[in-house]
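*Asks:* The following block contains a protein sequence and its predicted model.
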Amino acid sequence: MKRTLAHSIVIAASLAAFGCTDHTGRPTVTREFTRYRAVMSQGGYVLPELPDAALTNFPSVVRLDNAKGFHVDAGAFQMQGRYRLERDSIFLDQVTGDSTRLAFAGRLFNDTLQLHWIPDYDVGPNSNEAEWHLFFVRSH
C-alpha cells in the first residue's frame, strides 16, 4: 500500500513538473545585462569618458539565453548570434546569414560582464584605432 502511494506521488509530481515546463521550443532569456560604463582607449591610453547622451547608439543591453544565443540592443541596431564560454572568458559570435564573426570578447564574473567591442572591419596590426570596452551589470 505504501509503495503504491509513493509511486503515485512520484508520477503525479513528475507530470506536474512536466506540465510547468516551457514547450514552445524557443530559448528563454536566462541573463540580462545593462551597460553602466563605456571606456575608449587609443594607443594604450584611456580617454575621458563620454556622457551617456553620446552613447545612445552603443550596446546598452546584452541578453544571454539558455540555447547559447545572445541578443544585443544598441539603439539604432540590434545584433544577435551565439556565445561561447571558456572558463571566465566569453566570446560573442555575430551570425548574419551565412557568415559568423567575433563581435565581442571579454569576461563574465558572476553578475558583471566586461566586453571588448571588435569592429567589423580590418584595422591592421599597426592601427591606432580607438578600442571600446563596455561594462555591464546583471539586471534584476
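*Replies:* That came in fine, so what should we check first?
*Asks:* Counting neighbours, show which residues of the lengthiest strand in the chain come out buried.
*Replies:* Counting residues, the longest strand found in the chain (DSSP state E) is strand 29-42. For strand 29-42, a neighbour-count test (16 or more other C-beta atoms under 10 Å) marks Arg31, Glu32, Phe33, Arg35, Ala38 as buried. The C-beta positions use only the backbone N, C-alpha and C, and glycine is treated the same way.
*Asks:* any idea of the mean pLDDT for the helix or strand following that strand?
*Replies:* With elements assigned by DSSP states H and E, the helix or strand that comes after strand 29-42 is strand 45-46. For strand 45-46, mean pLDDT is 87.
*Asks:* Likewise for stretch 72-86?
*Replies:* Within the predicted structure, the mean pLDDT of stretch 72-86 is 90.
*Asks:* what does stretch 91-110 give?
*Replies:* Stretch 91-110 shows a mean pLDDT of 92.
*Asks:* Pull out the buried positions in it.
*Replies:* For stretch 91-110, the neighbour count (16+ other C-beta under 10 Å) marks Phe91, Leu92, Asp93, Gln94, Ala103, Phe104, Ala105, Gly106, Leu108 as buried.
*Asks:* In CSV: the residues you listed, plus secondary structure.
*Replies:* Shown next, in CSV, are the buried residues of stretch 91-110 (DSSP: H, G, I helix; E, B strand; the rest coil):
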residue, secondary structure
Phe91, strand
Leu92, strand
Asp93, strand
Gln94, strand
Ala103, strand
Phe104, strand
Ala105, strand
Gly106, strand
Leu108, strand
